[in-house]
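Visitor: what follows is a protein structure lacking sequence information:
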DNA sequence: CGGCGCGGCGTACGGCGTACGCCCGCGTTG
DNA sequence: CAACGCGGGCGTACGCCGTACGCCGCGCCG
């Protein structure tokens, strides 16, 4: 398939599945397959074993059904993943947050981080051409609410959200890769850095690369403390919010 | 293989290839295969047709050689991609930039964006457990130079760089996906948004989601103008740099 | 001039996504 | 109550992928 992209040719079909606008299959009322059951099974697999373990054969198996039966409800794997994504968005809380825009954005960032932690496969499945399912739309609307009425233009509001969510995704990806590289290689990040240290010292010598070797060591120790990704998330988030506050302040006084 | 990750089990072998510490194959002096020739061919394929088109069979073909011959020089596809990445880093300019830290970071951001534009496959191949090749080390050292001596701690220097490069990668990924979805679907982003517009209006109605529909339209028009990703890059970069300037100022006065 | 090490590679295996067409049991209709 | 048709369910097969394994034949060293 390439790599979980392409919403495929037929938007009508995809959107019908996302919004569940087709009848819920009347016939026998027995257990029967359904988009929902398929999506739930698929999410369980992906949560537990990652996107690579999510194969159409596995999904069929998990449902006690032949592989090809899945294709009755879903045109292909790409579309299945799209529905999985939208479904995951549906789990997110949308509380009314006390406080200013900064508190609201910070909360949004943390909620999105938590989502990615619960469903790390999303980090490899999402694309920029959005899925346009009901839950994404609701999420977008909710999150825009955090930056409405603070003097930004519509385009700026979208850009602010894109920036914050982009940072969350970067940081989440870093954290998630640490986790599943540990699972795949059976080595913690600390152990990995330690095993590479002798080589590093051979090549990245203090004379040839003074800054890199000093800072790399300091940063590497953070990784050893299994605390690198969280720090990067927090540090970056505060910087991003600081940066946003500059425009907000500008708009408040000038425009 | 999963998805272009895992530097595989044997670090020694991988590092030897990255740093080219083995002899350059004496025997017949004829054209002969070599890590360099393989990497160049692979990069050409990935540049032209994307990471999905990069198969070991294709690489062999491009070199007029059997598929399995490639495995004589490279333990597997993951390692090949790792060498490709390090090799690409080697192309980057490392000029001495006039001006303050902000000018230097901005330049770094643009250079990295240009790199990703030249080699979009890198956006899907890089992981956080770095490749540790010679060019990455040189790049890291160079880039750290931009934020040295402005009062930040070592860990902060690393965090600042991570933040800026993370933003560049986010923005580059967005831009790149637009480009290759256009290639894959034969539809420009504008056309895609237009073809989905009727559906969107059906579901994302102004009554149900007032903010989303208004802002979505505004942002969608930007995409129609094929100018969305660049704007997101610029806007985000300035915000990030503004945010960094806050810590820099703090350190200058207080710490 | 004989032997052998190694670069080069043919074949084959197990996995993937999915196209295609068959079967069978159900709800509907006469 | 019988016949029918339709659609959910699925078995098989194809063309891809990465790569393990073991064979060849060339060119250098003794």
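Guide: Thanks, I have the structure now. No experiment lies behind these values; they were computed from the predicted model shown. Numbering: from 1, shown residues only, chains lettered A, B, ... in the order given.

Visitor: ok, residue A:88 touching residue A:43?
Guide: Yes. Shown here, residue A:88 and residue A:43 form a contact pair, counting by CB atoms under 8 Å, at 6.9 Å. C-beta here means a position set from N, CA and C on the backbone, and glycine is covered the same way.

Visitor: so what sits against both of these two?
Guide: residue A:119 (CB atoms under 8 Å, 6 or more residues apart in numbering or on different chains).

Visitor: which helices and strands sit right next to the helix or strand of chain A with the lowest mean pLDDT?
Guide: For chain A, counting by mean pLDDT, DSSP states H and E, helix A:189-203 ranks last in confidence among helices and strands (a mean of 79). Packed against helix A:189-203, as judged by 3 or more CB pairs under 8 Å, 6 or more residues apart in numbering or on different chains; DSSP states H and E, are the following elements: helix A:154-185, helix A:210-224, helix B:11-18.

Visitor: where does the closest residue to DNA strand D within chain A land on pLDDT?
Guide: Taking CB to the nearest atom of the strand as the measure, the point where chain A comes nearest DNA strand D is residue A:66, at 2.8 Å. The predicted local confidence for residue A:66 comes out at a pLDDT of 95.

Visitor: OK, contacts around it?
Guide: Contact criterion CB under 8 Å, 6+ apart gives residue A:60 as the residues in contact with residue A:66.

Visitor: over to residue A:220?
Guide: For residue A:220, the residues meeting the contact criterion (CB under 8 Å, 6+ apart) are A:193, A:197.

Visitor: what about 10 Å?
Guide: Residue A:220 makes contacts with A:189-190, A:192-194, A:196-197, A:200, A:228, B:158, as judged by CB atoms under 10 Å, 6 or more residues apart in numbering or on different chains.

Visitor: next, count neighbours for residue A:237.
Guide: Neighbourhood size, residue A:237 [other CB atoms under 10 Å in any protein chain shown]: 21.

Visitor: swap in residue A:182?
Guide: Applying other CB under 10 Å, we find 17 other residues in the vicinity of residue A:182.

Visitor: isn't it up against residue A:188?
Guide: Yes. The pair formed by residue A:182 and residue A:188 meets the contact definition of CB atoms under 10 Å, at 5.4 Å.

Visitor: may I see the helices and strands packed on helix A:189-203 organised as CSV, with mean pLDDT and distance to residue B:92 added?
Guide: As requested, the helices and strands packed on helix A:189-203 are exported to CSV (pLDDT from 0 to 100; distance: least, CB to CB, whole Å):
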stretch, mean pLDDT, distance to residue B:92
helix A:154-185, 91, 20
helix A:210-224, 86, 15
helix B:11-18, 87, 16
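
Visitor: and DNA strand C, which of those is closest to it?
Guide: Taking those one by one with CB to the nearest atom of the strand, helix B:11-18 is closest: 13.5 Å.

Visitor: and that closest one, what's buried?
Guide: Of the residues in helix B:11-18, those buried under the neighbour-count criterion (16 or more other CB atoms under 10 Å in any protein chain shown) are B:14-15, B:17-18.
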